[in-house]
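Trainee: Structure, please.
(one chain, ligands or ions: 1)
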Amino acid sequence: MNREITKNIYAIGALDWDRRLFDELIPLPDGTTYNSYIIKGNDKTALIDTVDPTKTDELLKNLAECGVRNLEFVVAHHAEQDHSGSIPAILKAYPKAKVVTNPKCKEMLKELLLIPEEKFITVNDRETLSLGDKTLEFIYAPWVHWPETMVTYLREDKVLFSCDFFGSHLAASSLYIVDEAKTLESAKRYYAEIMMPFRVSIKQNMEKLKGLEIKTIAPSHGPIYQKPELIVNAYKDWISDKVKNEVVIPFVSMHGSTRVMVDQLINALMKKGITVKPFNLTGVDIGELAMALVDAATIVIGTPTVLVGPHPSAAYAAFLANALRPKTKFASIIGSFGWGGKAVEAIAGLLPALKVEILEPVMIKGYPKETDLAALDRLAELIYNKHRGMGLGD
Ligand code: FEO
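Mentor: Residues are numbered from 1 along each chain as shown. As a prediction, this is how the structure comes out:
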């Protein structure tokens, strides 16, 4: 299907309603889309990004339906295959087309898709390309979320084609946002899973876009924003240094001891007015966990002891939190052991990228006793005081 966004600009990408996992890692509860756009100038035509290779036939069909017989340019914002994977097929169908991208992306496309050198036109940051009555301005946006990423600003129509930037994994029949809350939730999940480790680069790239008058943001995943401030303001909040009065508790329990500890901590924190988000790691949706980490001031990992170390699920959560690099300020570890072990040291060792203050862990022997529960109350008190010290809470 092709749908006109505004005169001579069409959305011709593909919906992937059924996809449930990205990178064999990230859950996609709402499927996703691979957005591709056609811009018809009165002189030349450009395709903005392609689609996942699994949807190549659909893209070719959409191009034909859109009446594209001559295609001069394929703008490649990003070398990741969900957007670049159909480029070889497009070049076969339109042999005169050239791939327009930056030098870094060109090298990656040559490596990943074996596209020959002569098929490329490289552009510099802020360089423009005329399609006749439409002008494309290319803006490098490194590390959202790969080093080679760029975006395109269509000057005459004030449309920003933002690639993964501002995207969301959300398949919906409407091209535009129908449910703002749902879209923001999907965009936050997307930010948390993919963009959060690059918060500092995103800040710089947001600054770079500041001078542009943007009427429409057309990302490469999810609905198009006709009110750009909706997603721009959400990003400003997510990338800010501000944390919320929240504690995220990823935990796993084998025989119930850690579970009792987690419940004690949850109740103690709740009594102090702190928002608590526990995640039982048995069957957790890691996207939900990642989203909770976007804002939380504190993370507490709960683990039993397995073969002298942490439970592998707890280690996985710690590894993931470390990789996602949230702006979390404090961390702690709670759990139980039978006869000894080094679960605390192992978990703490998995968090080198987090710039957190480690609060005194509570590791206990066996089932929690009164003194152990009191230690958890003291941990809650410490978290409360740390949060208050940052101006969080009452
Ligand atoms: Fe949607 Fe980074 O690719």
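Trainee: Quickly note the distance from His145 to the ligand.
Mentor: Separation of His145 from the ligand (CB to the nearest ligand atom, to the nearest Å): 6 Å. All C-beta spots, glycine's among them, are computed from the backbone N, C-alpha and C.
Trainee: Same check on Leu114?
Mentor: For Leu114 relative to the ligand (CB to the nearest ligand atom), the value is 19 Å.
Trainee: same question, Glu24
Mentor: Relative to the ligand, and taking CB to the nearest ligand atom, Glu24 is found at 14 Å.
Trainee: One more: Pro29?
Mentor: 17 Å.
Trainee: I figured that residue was touching Gly287, is that so?
Mentor: Yes. Under the criterion of CB atoms under 8 Å, Pro29 makes contact with Gly287 at 7.4 Å.
Trainee: show me the contacts for the residue in the stretch 251-394 of the chain that the ligand sits nearest to.
Mentor: Of all residues in the stretch 251-394 of the chain, the one sitting closest to the ligand is Gly287 (15.0 Å; CB to the nearest ligand atom). Going by CB atoms under 8 Å, 6 or more residues apart in numbering, Gly287 touches Ile26, Pro27, Pro29, Arg189, Ala192, Glu193.
Trainee: for Leu320, same thing?
Mentor: Ile286, Leu289, Ala290.
Trainee: which of the residues in stretch 373-392 are buried?
Mentor: For stretch 373-392, the buried set under the neighbour-count rule, 16 or more other CB atoms under 10 Å, comprises Leu373, Ala375, Leu376, Asp377, Leu379, Ala380, Ile383, Tyr384, Lys386, His387, Leu392.
Trainee: Mark which of those residues are part of strands, please.
Mentor: Among the buried residues of stretch 373-392, no member falls in strands (DSSP state E).
Trainee: Mind putting those residues into JSON lines with distance to Tyr235 and pLDDT?
Mentor: Formatted as JSON lines, the buried residues of stretch 373-392 follow (distance: CB to CB, whole Å; pLDDT from 0 to 100):
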{"residue": "Leu373", "distance to Tyr235": "41", "pLDDT": "98"}
{"residue": "Ala375", "distance to Tyr235": "39", "pLDDT": "98"}
{"residue": "Leu376", "distance to Tyr235": "36", "pLDDT": "98"}
{"residue": "Asp377", "distance to Tyr235": "38", "pLDDT": "98"}
{"residue": "Leu379", "distance to Tyr235": "33", "pLDDT": "98"}
{"residue": "Ala380", "distance to Tyr235": "32", "pLDDT": "98"}
{"residue": "Ile383", "distance to Tyr235": "28", "pLDDT": "98"}
{"residue": "Tyr384", "distance to Tyr235": "30", "pLDDT": "98"}
{"residue": "Lys386", "distance to Tyr235": "27", "pLDDT": "98"}
{"residue": "His387", "distance to Tyr235": "24", "pLDDT": "98"}
{"residue": "Leu392", "distance to Tyr235": "22", "pLDDT": "97"}
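Trainee: in the chain, which spans are helices?
Mentor: 56-65, 81-84, 87-93, 103-113, 180-190, 199-209, 228-239, 257-271, 286-293, 312-324, 343-349, 370-389 (DSSP state H).
Trainee: for the ones you listed, which one sits closest to Ser332?
Mentor: helix 370-389 (6.2 Å; CB to CB).
Trainee: And stretch 72-92, what's buried?
Mentor: 72-91.
Trainee: can you give me the offset of that stretch from its chain's centre?
Mentor: 21 Å (CA atoms, centre = their mean, to the nearest Å).
Trainee: gap between the two ends of that stretch?
Mentor: Using CA to CA, to the nearest Å, one end of stretch 72-92 lies 13 Å from the other.
Trainee: Quick one: check that stretch for contact with the ligand.
Mentor: Yes. Contact of stretch 72-92 with the ligand (CB under 6 Å from any ligand atom) involves His78, Glu80, Asp82, His83.
Trainee: picking up where we left off before, export the contacts of Gly287 to a markdown table and append columns for neighbour count and pLDDT.
Mentor: Listed next are the contacts of Gly287 as a markdown table, based on neighbours: other CB atoms under 10 Å; pLDDT from 0 to 100:
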| residue | neighbour count | pLDDT |
| --- | --- | --- |
| Ile26 | 19 | 89 |
| Pro27 | 17 | 90 |
| Pro29 | 12 | 93 |
| Arg189 | 24 | 96 |
| Ala192 | 24 | 97 |
| Glu193 | 24 | 94 |
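Trainee: Just these: which are in strands?
Mentor: Of the contacts of Gly287, the ones assigned to strands by DSSP E are Ile26, Pro27.
Trainee: Most widely separated two among the contacts of Gly287?
Mentor: It's Pro29 and Ala192 that sit farthest apart of these, by CB to CB, at 13.5 Å.
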